[in-house]
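In: here is a sequence with its predicted model. Questions after.
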Amino acid sequence: MRVLALASICGLAVGAVVVALLLNRPAVFAAQNSLIARPAAASVENPDAAGQFGEVVALGLPALPDLAVSSSVLQAAADAVPGGPTADELASQVEVTLVPGAGVAKLTVRAGDPDQAGRLATALVGALVATDILQPAARLEPLDAEPQVVRVDTSIPTVGGIGLVAALVVGAATYAALRRIRPPGTDVHEVHTAMSRAGRPTVAILDGKDPALTDRLCALQRAGGLPLRIITIGPGQSDKADELRTAVNGRGVQLSSASTNSAPTSVVAVFDARSTRPDELTAVAAALPERSRMLAVVLT
């Protein structure tokens, strides 16, 4: 449970940071307008303008995306909007897409201010129309007198969704990492499960660092009435077991001798929770004499 709680805290912290960063990003507005190709009126110089319209549009319109980010067109649009971005800055904020077979090009300009985005789109449309790229057989006209301006940065529901996904991913990754780093068997629930599998579900689980550990063991032994036997499960626990034997013996607690392992006793297992798996605890508890009682598991 502690691992799960820590992983949840990490996930929630990262999710909150992601949400805060996204909400603090500058607003972005997109101004959209469209250009449509129309036939030019027939003239003395070009009496077959209508007949050439389809061919000219098919050849000339695909060049519009490149023309929109050309230095001359961008400079004309930038000059028309005082206080706006420079031509170089504007280049990355302009997008032109063609509608196949319709003779229509959609133009989008992004800016941090809705009014500025609209003025830049209008200026860019005017600069593209002024190029007369389809003359003499056709001409470009804006579809709308004013561009449509919408906010395109991340919405609050989307931000919340991104934050939730980030929290879940980080939480799951943290949980998996902690489960690998943190040795199994340190969880009280897992110890109870291990003892239940050994057929000894009722057992006290004590903290090896508890200052009152000796008092608790003495009280448990007196309540049980059987001699106390302290065993170790896991490497490096002999010193702790000897320390506990000395401590409880000094309180008048009766200890079982090594020569009477088959006699009924109250068993205390000093369990290395950092490097020992719960199934080892299960195996040891299951191998105890039937008349012995598993009194407590001391986690170190």
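Out: Everything's here; your move.

In: which is the next helix or strand following whichever helix in the chain runs longest?
Out: Longest helix in the chain, counting residues (DSSP state H): helix 156-181. For helix 156-181, the following helix or strand on the C-terminal side (DSSP states H and E) is helix 188-197.

In: picking up where we left off before, quick check: buried residues in the longest helix of the chain?
Out: By neighbour count with 16 or more other CB atoms under 10 Å, helix 156-181 contains the buried residues 159, 162, 163, 166, 167, 170, 171, 174, 175. For every residue, glycine as well, the C-beta is placed using N, CA and C.

In: out of those, what pair is the most spread apart?
Out: Longest distance between any two of those is 24.3 Å, between 159 and 175; criterion CB to CB.

In: what are the buried residues along stretch 6-22?
Out: 7, 10, 11, 14, 15, 18, 19, 22.

In: ugh, wrong one, I meant stretch 286-297
Out: 288, 292, 293, 294, 295, 296, 297.

In: could I get these as TSV with distance to residue 224?
Out: Listed next are the buried residues of stretch 286-297 as TSV, based on distance: CB to CB, whole Å:
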residue	distance to residue 224
288	14
292	10
293	6
294	10
295	6
296	10
297	15
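
In: out of those, which one sits closest to residue 83?
Out: Distances from residue 83 to the buried residues of stretch 286-297, taken by CB to CB, are shortest for residue 297, at 74.0 Å.

In: three-state assignment of the spatially closest residue to residue 198 that is not a sequence neighbour?
Out: Spatially, and ignoring its direct neighbours in sequence, residue 198 is nearest to residue 285 (3.6 Å; CB to CB, 6 or more residues apart in numbering). Under DSSP: H, G, I helix; E, B strand; the rest coil, the three-state class of residue 285 is helix.

In: next: residue 36.
Out: strand.

In: report the contact partners of it.
Out: Applying CB atoms under 8 Å, 6 or more residues apart in numbering to residue 36 gives the contacts 103, 104, 105, 140, 141, 142, 143.

In: from residue 222, how far off is it?
Out: Distance of residue 36 to residue 222, computed by CB to CB, to the nearest Å: 96 Å.
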